[in-house]
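Asker: I'd like to go over a predicted model; first the sequence, then the structure.
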Amino acid sequence: MSTAEDTHLESIISKWDELDINKRSDSESDEEPPKQVPFNEEEVTVLETYLEQWDSGLIQERNVIWKDATREARLKAPKMDKNLFRS
């Protein structure tokens, strides 16, 4: 991938990370966060398709868009490695 594509993918990923409704509060930040495998290209493609809907959607619709996007992206995600659960 080119640098422009990498930058574009990073901006999409960071935008979805900012929207994460399950982020912990500061009081829970003492614990080490779980390790996350980077998004693969299929997951990024799915999230990109929902990004336009998210930007143009009403606030009331965003919860549905969020659920649809994450549900579809999870289907494209690789299965979790058992060793990551233990670390």
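Answerer: Yes, it's here. Computed from a predicted model, the values in this text were never measured in an experiment.
Asker: Quick check: which element contains the closest residue to Phe39 other than its chain neighbours?
Answerer: What sits nearest to Phe39 in space, not counting adjacent residues and going by CB to CB, 6 or more residues apart in numbering, is Ile13, at 5.9 Å. No exception for glycine: its C-beta is placed from N, CA and C like everyone else's. Ile13 belongs to helix 3-18 when assigned by DSSP states H and E.
Asker: between the helix ranked longest in the chain and helix 3-18, how big is the angle?
Answerer: Secondary structure assigned by DSSP state H gives helix 59-76 as the longest helix of the chain. Helix 59-76 and helix 3-18 are oriented at 120 degrees to each other (axes from the mean of the first three to the mean of the last three CA atoms, to 10 degrees).
Asker: Glu43 - how many residues pack around it?
Answerer: Using other CB atoms under 10 Å, the number of residues around Glu43 comes to 22.
Asker: no wait, Thr7
Answerer: 11.
Asker: try the one 4 residues further on
Answerer: Burial of Ser11, expressed as a neighbour count using other CB under 10 Å, amounts to 11.
Asker: Alright, that wraps it up for me.
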